[in-house]
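**Q** this is the structure alone, sequence omitted:
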């Protein structure tokens, strides 16, 4: 039997690791909520599982996503993950050939060079020897890059490297030691036996001046201990993401997503974060306001170690830029939302609803301006003009300052109170018999489409205007204004509406592209979701965004959100207009043409 | 060389010229007088703005004062202890010393969209009010005599949202003045003035405030108007809190007058930026507040009037005289 | 005890000597801009909830500052957190954060009272 006591640390570590990982997985799977379990049961024996295997290969081993964002960083991760995987897989094959059985001692592959010191007559021994050396070299190059990244994060295009916890440091240090020690152990053995391939052989030659017989065993012991240290610290460090990410890929492929409440899926995502820190670079709080302890990576770390403070949970614009950037694809804003839940504060309901009136007449379209839109009256006036021009029968639901859509309440974690508002609003909506709903506020839009149960379609006014233009219900003439469009977070990244507003703007003026747009758009700083930062910080974020957006000196900075509009107007750097205003200004008015025919019509408009 | 032909510029030109120096005034408008041109009567004694303007014009109507109007300076720089000013057509003016008297501009009330300026016809600014007062009548956009008018203080001043933390100092008393003028014209109408604080710190200000209450029955409500909307008959509905009763209130008025604050003028901001003397909020920064308030860190470049901070007219004139002395000393010593 | 046929009601004055002013310093630690409030009432004027209820943010905030917590939790439950007040505040006070934190602190106080 191929046995030496130095395999004990490795084996004990490996057994411990498997036990802890299995325990955690079982716990998380049992905590999946009903909806997530439904998807698991539905799709576990489907083609999706095979797809998941493919994705595991691409993401967990090759790290294609990181690779796409940053090739050097991608190579670093790939060389470590895929290189190590191949070392294990090829090493296992080699040791099986050597032993002539697939069921050789499980540690044989790990310490193969020691036990197979003398004999080299198995199948393809020379090729294996070369490949194993090559793989070790690839992994070592990854380790070297990782070391370099610690020292100079700029080198790998990362502005900020993540600050790590105690377990992370133990795991990281042992991980760094594993491969150099393996190289040393294999090289001393090669020196003793007088063999070795291009890497181990060469290093072995260099070492041959030393008393190699004496240091051979200590090297293998050290290698085994470094593996043990890594395995034992792994489940408590960020490296837990290695096994967890695989599980997450499968669950996600089956269709499970993080829901409203904290669940096993949340735990899985929290543990899948590799703390790569890409989210730090994407975060405006970091690069525009120099706040560096609240980004998703820290939020997730704090949550995982049960150290989350209200300050970290609430200090987030919820703009979703990190969600776009995350190479693991974690639902960062959803999870933050879950952790903000304030269910322990009893929801007493003191809203006196009787003042929010139901529709007196049946209408076709409901217009819900939104609370904030009442502070930008030109949007409301423009929308009225557009409705009238299109001949739409509409009910201005919150004309006399209606009820809030409920989303701001929810963003702060008062879920019950939010549901209360939602149910009241749904009753009001149903009372009108309308066939469609239009809103001017992206926050309301997101709320209506995601949190309400409505049997009528909901449109943001940019979509609605686009539809009117497509159906030729309104006609616009193109102006010669140069415009840059700012994507509001909740409308763009939040709801995926990127093209409709741009189509409208192309028909009303010259649309210019800006560096930060669509998925990469910036937050205006006016976000309601952050209850920690104060005006001075918001101004920093806004000024930075404004600087970027007005770089091409456009005549108009167009947006589609009252909050963004207000933020940018206060910056006083460019003319800011909502899309509704731009369209209202460019309308080919039918009523003007028909003015002589029906004077009455114009008056009726003013009374609406 | 004096940039700006408002009160500060004119007063300095006169004082320097009678001491035997040649003075050039560079004014961007077609007429001298600066912001007084927009005013009819001045607080606190209802002095005639046109007369005061004429008095200034007479003072500078002297031999060695050259007045260039319609000249907007886009660049101001010094070379070999001489000062040069360049306008848009690349015409260059030069002198031994330069005085920045580029004054202020009124806050653009469109930036406070919720107050409806530029959206509803019957929301006007204090500058528009003066314009209208010149015609001798205060009427709504529909041409009717208003029955109720409201003045809102602190529009664009003491407002961190628009980035102006400071108090413009003149709007409170100006609101009192305009409310009084309105009540003189339309005695039967109601006048309301919404304020955060009434700052009546000048001479005769408090007396005018008292008179407006006692004689003209102007109502003062402590509360800021948060938003304005038009009713179907084009009147303006305003929302505020009557903070002293602690209750929110709504009021419909025929005209809402926004008392716009003082902001640094575009020329002030640009020219002081070019010379590295840009202070807070775009105003120009003097060397020190107490004994070198007219000096800058650039030798030969001086400041006078409201290009430094919001000032009333008497303060501007006094400051301008102080600047004249500093310039004369400088010319004598160099 | 002898029934006098009437009750002595509590005095309406704010007693600064007994009022719990420490709670407010906890709040301003979370929301430093709260100190800047100059009570102009723009927040109350624009309030969406104030349109449907008698909610008055400025007043509630002032009562909290003065350590008068009675009935305040119920009062704050009227707020919909829509954030309009934050938008109109001339002093840049983070009114929405004040309400959020007041709610949480009042809830904590409630538990403390129950325990003691």
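**A** Noted; the coordinates are in hand. A quick note: this is a predicted structure, and the numbers were derived from the prediction, not measured.

**Q** from here on, just use CA atoms for contacts and neighbour counts.
**A** OK.

**Q** just want the residue of the stretch 351-500 of chain A that's nearest chain B.
**A** Proximity to chain B, evaluated over the stretch 351-500 of chain A using C-alpha to the nearest C-alpha, is greatest for residue A:375 at 4.6 Å.

**Q** give me the domain ranges for chain B.
**A** Chain B breaks down into these domains under automatic domain parsing: B:2-103+B:265-333, B:109-262.

**Q** to residue A:425, which of those domains lies closest?
**A** Closest approach to residue A:425 among those (C-alpha to C-alpha): domain B:109-262, 24.0 Å.

**Q** between the two ends of stretch C:26-38, what distance do you get?
**A** End-to-end distance of stretch C:26-38 (C-alpha to C-alpha, to the nearest Å): 19 Å.

**Q** repeat for stretch B:73-85
**A** End-to-end for stretch B:73-85, by C-alpha to C-alpha: 6 Å.

**Q** list the buried ones in that stretch?
**A** For stretch B:73-85, a neighbour-count test (16 or more other C-alpha atoms under 10 Å in any protein chain shown) marks B:73, B:75, B:76, B:77, B:78, B:83, B:84, B:85 as buried.

**Q** of those residues, which belong to helices?
**A** Judged by DSSP state H, helices contain none of the buried residues of stretch B:73-85.

**Q** from those, which two are the most distant?
**A** Farthest pair in the buried residues of stretch B:73-85, by C-alpha to C-alpha: B:73 and B:78, 14.1 Å.

**Q** need the contact list for the residue of the stretch 351-500 of chain A closest to chain B.
**A** Applying C-alpha atoms under 8 Å, 6 or more residues apart in numbering or on different chains to residue A:375 gives the contacts A:562, B:113, B:114, B:227, C:84.

**Q** and the buried residues of stretch B:73-85 as a markdown table, adding distance to chain A and pLDDT?
**A** As requested, these are exported to a markdown table (distance: C-alpha to the nearest C-alpha, whole Å; pLDDT from 0 to 100):
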| residue | distance to chain A | pLDDT |
| --- | --- | --- |
| B:73 | 21 | 94 |
| B:75 | 21 | 94 |
| B:76 | 23 | 95 |
| B:77 | 25 | 94 |
| B:78 | 29 | 94 |
| B:83 | 30 | 95 |
| B:84 | 29 | 95 |
| B:85 | 26 | 94 |
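
**Q** save those as JSON lines, and put in distance to residue B:217 too.
**A** Output for the buried residues of stretch B:73-85, formatted as JSON lines (distance: C-alpha to C-alpha, whole Å):
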{"residue": "B:73", "distance to residue B:217": "46"}
{"residue": "B:75", "distance to residue B:217": "50"}
{"residue": "B:76", "distance to residue B:217": "50"}
{"residue": "B:77", "distance to residue B:217": "53"}
{"residue": "B:78", "distance to residue B:217": "55"}
{"residue": "B:83", "distance to residue B:217": "54"}
{"residue": "B:84", "distance to residue B:217": "54"}
{"residue": "B:85", "distance to residue B:217": "51"}
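
**Q** could you list which of the residues you listed also contact chain C?
**A** By C-alpha under 8 Å from any C-alpha of the partner chain, no member of the buried residues of stretch B:73-85 lies near chain C.

**Q** which one of these sits closest to residue A:492?
**A** Nearest to residue A:492, judged by C-alpha to C-alpha, of these is residue B:75 at 42.6 Å.

**Q** roughly how far apart are the residue nearest to that closest one when sequence neighbours are not counted and residue B:270?
**A** Leaving aside its chain neighbours, residue B:75 sits nearest to residue B:86 (5.0 Å; criterion: C-alpha to C-alpha, 6 or more residues apart in numbering or on different chains). Look at residue B:86 and residue B:270: by C-alpha to C-alpha, they are 13 Å apart.

**Q** which one's more surrounded, those two?
**A** Using other C-alpha atoms under 10 Å in any protein chain shown as the criterion, residue B:86 and residue B:270 rank with residue B:270 on top: 20 against 17.

**Q** helix or strand: which one has that one?
**A** helix B:266-274 (DSSP states H and E).

**Q** one step back: quick one, which of the domains of chain B is nearest to residue A:403?
**A** Going by C-alpha to C-alpha, the one of those nearest residue A:403 is domain B:109-262, 17.7 Å.

**Q** for the residue in chain C that chain A sits nearest to, give me its contacts.
**A** As assessed by C-alpha to the nearest C-alpha, chain A sits closest to residue C:97 within chain C, at 4.8 Å. Applying C-alpha under 8 Å, 6+ apart to residue C:97 gives the contacts A:531, A:532, C:31.

**Q** same deal with residue A:462?
**A** Counting by C-alpha under 8 Å, 6+ apart, residue A:462 touches A:500, A:501, A:504, A:560, A:579, A:580.

**Q** what of residue B:148?
**A** By C-alpha under 8 Å, 6+ apart, the contact list for residue B:148 reads B:189, B:190, B:191, B:192, B:253, B:254, B:255.

**Q** got phi/psi on the fifth one?
**A** Per-residue torsions, residue B:253: phi -130, psi 160 (degrees, to the nearest 10).

**Q** distance of it from chain A?
**A** Plainly put, residue B:253 is 18 Å away from chain A if you go by C-alpha to the nearest C-alpha, to the nearest Å.

**Q** residues of the stretch 451-600 of chain A that sit close to chain C?
**A** A:528, A:531, A:532, A:534, A:535.

**Q** just the closest of these to chain C, please.
**A** residue A:531 (4.8 Å).

**Q** what residues does the closest one make contact with?
**A** By C-alpha under 8 Å, 6+ apart, the neighbours of residue A:531 are A:314, A:315, C:94, C:96, C:97, C:100.

**Q** next one: residue A:408
**A** Residues near residue A:408 by C-alpha under 8 Å, 6+ apart: A:528, A:529, C:80, C:81, C:82, C:83.

**Q** what is the neighbour count of residue A:102?
**A** So residue A:102, with other C-alpha under 10 Å, has 13 neighbours.

**Q** sorry, back to before: among the domains of chain B, which is nearest residue A:523?
**A** So among the domains of chain B, domain B:109-262 is nearest, using C-alpha to C-alpha, at 17.3 Å.

**Q** please compute how far that closest one lies from its chain's middle.
**A** The chain centre lies 17 Å from the centre of domain B:109-262; the measure is C-alpha atoms, centre = their mean, to the nearest Å.

**Q** endpoints of that domain, how far apart?
**A** With C-alpha to C-alpha, one end of domain B:109-262 sits 11 Å from the other.
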